[in-house]
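Asker: Requesting a structural model of the entry that follows:
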Amino acid sequence: MEEKKQAGQLKKVIGLFGGISLVAGMTIGSGVYYLGSYVLERTDFSFGLALLCWIIGGIVSILGGLCFAELGASRPVSGGMTIYLSEAYHPALGFINGFSGFILTGSGSIAALAMAAVTGFKGTLGLSDLAVKIIAILIIVFFTALNLRGAKLGVAFQNFTMVARVIPLILIVLMGVFMGTQDVDLSLSMEGTRAEGGGITGMISMIGFATFASLWAYEGWTNLNTVGEEMKNPKRDLPLAIIISLGFITSIYTLFQFCIYRVLPAETIVPMIQSGDIYLGNAAAEALMGPIGKTLILAGMTVGILGTVNGDVLVFPRTYYAMAKDGFLPAKLAEVDPKTGVPVPATLASSAISIVLVVFNSLQSLTDLLITLTALLNVLCIIAVLIYRKKFPELERPYKVPGGAFTVIITVILFGILLVNNFIEAPMASIQGLAVPAIGLVVYNYFKKKNGGQDYQG
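Answerer: Residues are numbered from 1 along each chain as shown. Here you go, the predicted model:
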């Protein structure tokens, strides 16, 4: 029986539309509805500067996606970033990436999203904190069971939620453009903001800090590479899926924020955010369509969050499976069901940690500590494009980053500015987040010793 399980193989069931659905499904969630408030706050409620930050966030994500597309097309392997970091730099770095996801960032994302899907109904249904946790756990159990039946079923659900979640966004955009009555001030002037008088440094600092907030609405574009081994034609479809989905997401995010400004006057938006009411999309929908509009947006947001939970449950365990295959997580996690092609133990372990995080409800603060670490690992992966070209010149590259090394370097510089600025604006959270890789190094050395001194291969 043990040999039969080990003989199981991941199945190639993901096509182009499935890839687009996974990227869009793991990106478009609740973030677009509330992160706009944080971006506005950080730009001192300048609509023009806030929209600029959303555009910059999209451009930076697209540039990063182009780099990841080259890696994914040339190395379509299960494990994605973990493999790239191991091969380009050092096995310990690849392990730290996977370990961070397993312990907190990946599993914590599943936990946070499951709770977010329920929290939106907390006031309407009068749910207690305990009820929110119980329902969130049931959501995790449901999507775990769904994905244990095979990636094909999980991708099918992702296709449905990808379509369902964008309908409310497009509706708000269309109605906002044609029915909005507010004159939106798109001035990029720094007058009246905290950057006024700060020169170019003050401008970069403010825009960088606000753009960093928008990046978490775009987060998710790195995950398609993780299931590259399960794509039917990864050399063609993986780059196309990343480029198409990120281009669409950038457009819809920016237009969505603009239409909120077209519908709600500044006199309404500012006090809402200052009082802690950050779901501007709900207020815009209610202003356009009445209570039914608010219900529609809430439903669309919930579907979006559930789709992201499903995508996370599907994608993240593939990294842990790859790590276990190399002997750097318990061997049990390397088992693949021969009938479904699903890494069952890795999926169950990921969901179990997610449930623990829901129970203890400490995931929000812990996840905040890892924001900078996640972005830093993304940057190292982007630099890996150039390292791969030099280290593995014989590797087939059916897709290469447009603009070559210049594009890669520009992308790294843009991410670097955002990272440095975030360290300056939020130093304690950034520094404390480095505790996870420190723990990861201890665990890495344990498994390395257990494996007779053999390095993690990725």
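
Asker: Return the set of buried residues in whichever strand or helix holds Lys448.
Answerer: Here Lys448 sits within helix 435-450, counting by DSSP states H and E. Buried residues in helix 435-450, defined by neighbour count with 16 or more other CB atoms under 10 Å: Val436, Pro437, Gly440, Val443, Tyr444, Phe447, Lys448. In this view, the C-beta of every residue, glycine as well, is placed from N, C-alpha and C.

Asker: again, but for stretch 228-240
Answerer: Buried-residue list, stretch 228-240, by 16+ other CB under 10 Å: Gly228, Glu229, Glu230, Met231, Pro234, Lys235, Asp237, Leu238, Pro239, Leu240.

Asker: Count the residues that sit near Ala283.
Answerer: When neighbours are defined as other CB atoms under 10 Å, Ala283 has 19 of them.

Asker: and it, what helix or strand is that in?
Answerer: Ala283 belongs to helix 280-289, assigned by DSSP H and E.

Asker: Restrict that helix to CA atoms and write it as CSV.
Answerer: Taking Å, rounded to 0.1, in the frame of the first residue of the first chain, the C-alpha atoms of helix 280-289 are listed here in CSV:
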residue,chain,number,x,y,z
LEU,A,280,-16.5,51.7,0.5
GLY,A,281,-17.7,49.4,-2.2
ASN,A,282,-20.7,48.3,-0.1
ALA,A,283,-21.7,52.0,0.4
ALA,A,284,-21.3,52.8,-3.3
ALA,A,285,-23.5,49.8,-4.3
GLU,A,286,-26.2,50.9,-1.8
ALA,A,287,-26.1,54.4,-3.2
LEU,A,288,-26.5,53.1,-6.7
MET,A,289,-29.0,50.3,-6.2
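
Asker: Can you name every helix or strand that it contacts?
Answerer: Under the contact criterion of 3 or more CB pairs under 8 Å, 6 or more residues apart in numbering; DSSP states H and E, helix 280-289 touches helix 31-42, helix 151-179, helix 234-263, helix 266-274, helix 291-325.

Asker: Gln349 is in contact with Ala334, isn't it?
Answerer: Actually, residue 349 is Ala. It isn't Gln. No: in this structure, Ala349 is not within contact of Ala334 by CB atoms under 8 Å, at 11.4 Å.

Asker: Tell me, what's the model's pLDDT at Ala151?
Answerer: If you check Ala151, the pLDDT there is 67.

Asker: repeat for Met272
Answerer: We have a pLDDT of 89 for Met272.

Asker: so how many other residues sit close to it?
Answerer: 16.

Asker: still on that earlier bit, right, so of the helices and strands packed on helix 280-289, which gets closest to Met81?
Answerer: helix 291-325 (7.7 Å; CB to CB).

Asker: Just the buried positions in that closest one, please.
Answerer: Buried residues in helix 291-325, counted by 16+ other CB under 10 Å: 293-294, 296-298, 300-325.

Asker: Beyond that helix, next helix or strand please.
Answerer: helix 344-360.

Asker: Against which helices or strands is that next one packed?
Answerer: helix 106-119, helix 129-148, helix 291-325.

Asker: can you do 10 Å?
Answerer: With contacts taken as 3 or more CB pairs under 10 Å, 6 or more residues apart in numbering; DSSP states H and E, helix 344-360 sits against helix 106-119, helix 129-148, helix 291-325, helix 363-369.

Asker: would JSON lines of those with distance to Pro402 and mean pLDDT be doable?
Answerer: Conversion of those to JSON lines gives the following (distance: least, CB to CB, whole Å; pLDDT from 0 to 100):
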{"stretch": "helix 106-119", "distance to Pro402": "30", "mean pLDDT": "84"}
{"stretch": "helix 129-148", "distance to Pro402": "34", "mean pLDDT": "92"}
{"stretch": "helix 291-325", "distance to Pro402": "26", "mean pLDDT": "84"}
{"stretch": "helix 363-369", "distance to Pro402": "33", "mean pLDDT": "54"}
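
Asker: To Glu191, which of those lies closest?
Answerer: helix 363-369 (31.9 Å).

Asker: The next helix or strand after that closest one: how far from the chain's middle?
Answerer: Downstream of helix 363-369, the next assigned helix or strand under DSSP H and E is helix 371-391. In terms of CA atoms, centre = their mean, to the nearest Å, the centre of helix 371-391 is found 16 Å from the chain centre.

Asker: Please apply the same query to stretch 240-248.
Answerer: That offset, for stretch 240-248, works out to 14 Å (CA atoms, centre = their mean).

Asker: Repeat that for stretch 108-127.
Answerer: For stretch 108-127, the distance to the chain centre is 18 Å (CA atoms, centre = their mean).

Asker: CA atoms of it as CSV?
Answerer: Provided in CSV are the C-alpha atoms of stretch 108-127 (Å, rounded to 0.1, in the frame of the first residue of the first chain):
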residue,chain,number,x,y,z
GLY,A,108,-2.7,31.6,7.9
SER,A,109,-4.1,32.9,4.6
ILE,A,110,-6.6,30.1,4.4
ALA,A,111,-7.6,30.7,8.0
ALA,A,112,-7.9,34.5,7.6
LEU,A,113,-10.0,34.2,4.4
ALA,A,114,-12.3,31.6,5.9
MET,A,115,-13.0,33.9,8.8
ALA,A,116,-13.4,36.9,6.5
ALA,A,117,-16.0,35.1,4.5
VAL,A,118,-18.1,34.8,7.7
THR,A,119,-17.4,38.1,9.3
GLY,A,120,-19.2,40.0,6.6
PHE,A,121,-22.4,38.5,7.8
LYS,A,122,-21.7,38.8,11.5
GLY,A,123,-23.8,41.9,12.1
THR,A,124,-26.6,40.8,9.7
LEU,A,125,-27.1,37.4,11.2
GLY,A,126,-26.1,38.3,14.8
LEU,A,127,-23.2,35.7,14.8
